[in-house]
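[1] the following block contains a protein sequence and its predicted model.
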Amino acid sequence: MRFDILTLFPDSCNAVLSESIIGRARQKGILDIRCHQIRDYTENKQKQVDDYPYGGGMGMVMNAQPIADCFRAVCDELGHRPHLIYLSPQGKTLTQQRARELAELPELCLLCGHYEGVDERVLEAFVDEQISIGDYVLTGGELPAMVVVDCISRMIPGVLSDDVCFTEESHFSSLLEYPQYTRPAVWEGREVPEVLLSGHHKNIETWRREQSLLRTRKHRPDMLENAELTPKEQRWLAEQPLDE
Ligand code: SAM
């Protein structure tokens with residue numbers, strides 16, 4: 001999958017997205033991530049990318065022209081217009097479900113705002129979707145863009161060593177993941193649940209599913225509404241005491 005990130009800080013994005021799992025997927029050619037400097041598309045000598053807001057008020061607003069030309073350059077390179085997402089605290093909050101849908105696309109373009117944001121007209125002209133990573137405000141769209149790229153990328157076949165890695169994880173099926181343990185079997189007097197050492201795959205699977213249900217009910221009961229539980233699981237969960 002190809003990602004084009006339009007930003008004032010391409011080096012920061014590139015550096016973070018060159019590490020670990022995403023970095024290796026880029027090296028293998030599974031991910032093609034290109035970070036574009038919006039400033040390169042300015043038409044003024046000072047390479048200024050922002051200006052005062054019409055109507056007065058605090059801060060600066062990013063000009064439409066360099067963003068539009070940067071996006072047009074990406075369109076020209078691709079030979080068509082990619083889906084363009086503007087990272088914004090005003091957008092719809094990112095969910096695993098939306099990330100799954102976006103992972104089906106062949107490419108995605110992400111626009112990172114800065115300062116007080118972006119001239120509304122460029123959003124009207126080009127942006128297909130606005131995505132927020134939560135109900136709080138950051139200084140720029142770079143971290144949100146990296147969150148989106150990371151979240152989508154790990155669902156692209158070949159990025160993780162085994163696709164089961166993400167299908168069993170929290171949020172994939174509207175449930176939180178079961179607890180995980182690794183060696184040693186006893187750490188500072190705390191033991192790994194016996195069933196995990198038993199080698200009995202069916203029992204381990206049942207225990208994990210039950211833990212997943214209990215955790216979701218405890219930490220995110222709202223998620224249970226969308227989770228698919230069998231009637232037997234619903235009865236079992238209703239019989240379990242609520243722990244504080
Ligand atoms: N003035 C804008 C507002 O009140 O909606 C906020 C601008 S914010 C300081 C600067 C940039 O950071 C935004 O243009 C956006 O790209 C990014 N940003 C900030 N918070 C974000 C969030 N929660 N999710 C996604 N992007 C965010």
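    Okay, I see it.
[2] strands along the chain, start to end?
    Remark: strands assigned in the chain by DSSP state E are 2-7, 32-37, 50-51, 61-62, 83-93, 107-112, 129-132, 186-187, 190-191.
[3] same list (the ones you listed) but as a markdown table, adding distance to Leu175.
    Any C-beta I mention is one placed from the backbone N, CA and C, and that applies to glycine too. Formatted as a markdown table, the strands of the chain follow (distance: least, C-beta to C-beta, whole Å):
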| stretch | distance to Leu175 |
| --- | --- |
| strand 2-7 | 28 |
| strand 32-37 | 30 |
| strand 50-51 | 44 |
| strand 61-62 | 40 |
| strand 83-93 | 19 |
| strand 107-112 | 27 |
| strand 129-132 | 23 |
| strand 186-187 | 26 |
| strand 190-191 | 25 |
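[4] how close does the residue lying farthest from the centre of the chain sit to the ligand?
    Here the chain reaches farthest from its C-alpha mean at Gly189, the gap being 37.0 Å by C-alpha atoms, centre = their mean. Distance, Gly189 to the ligand, using C-beta to the nearest ligand atom, to the nearest Å: 42 Å.
[5] re the thing from before, need the strands of the chain in JSON lines (columns: mean pLDDT).
    Formatted as JSON lines, the strands of the chain follow (pLDDT from 0 to 100):
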{"stretch": "strand 2-7", "mean pLDDT": "98"}
{"stretch": "strand 32-37", "mean pLDDT": "98"}
{"stretch": "strand 50-51", "mean pLDDT": "98"}
{"stretch": "strand 61-62", "mean pLDDT": "98"}
{"stretch": "strand 83-93", "mean pLDDT": "98"}
{"stretch": "strand 107-112", "mean pLDDT": "98"}
{"stretch": "strand 129-132", "mean pLDDT": "98"}
{"stretch": "strand 186-187", "mean pLDDT": "98"}
{"stretch": "strand 190-191", "mean pLDDT": "98"}
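[6] need those in CSV with mean neighbour count and distance to Val159, can you?
    Converted to CSV, those look like this (neighbours: other C-beta atoms under 10 Å; distance: least, C-beta to C-beta, whole Å):
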stretch, mean neighbour count, distance to Val159
strand 2-7, 23, 12
strand 32-37, 18, 12
strand 50-51, 15, 35
strand 61-62, 21, 31
strand 83-93, 18, 19
strand 107-112, 24, 15
strand 129-132, 17, 20
strand 186-187, 10, 31
strand 190-191, 10, 33
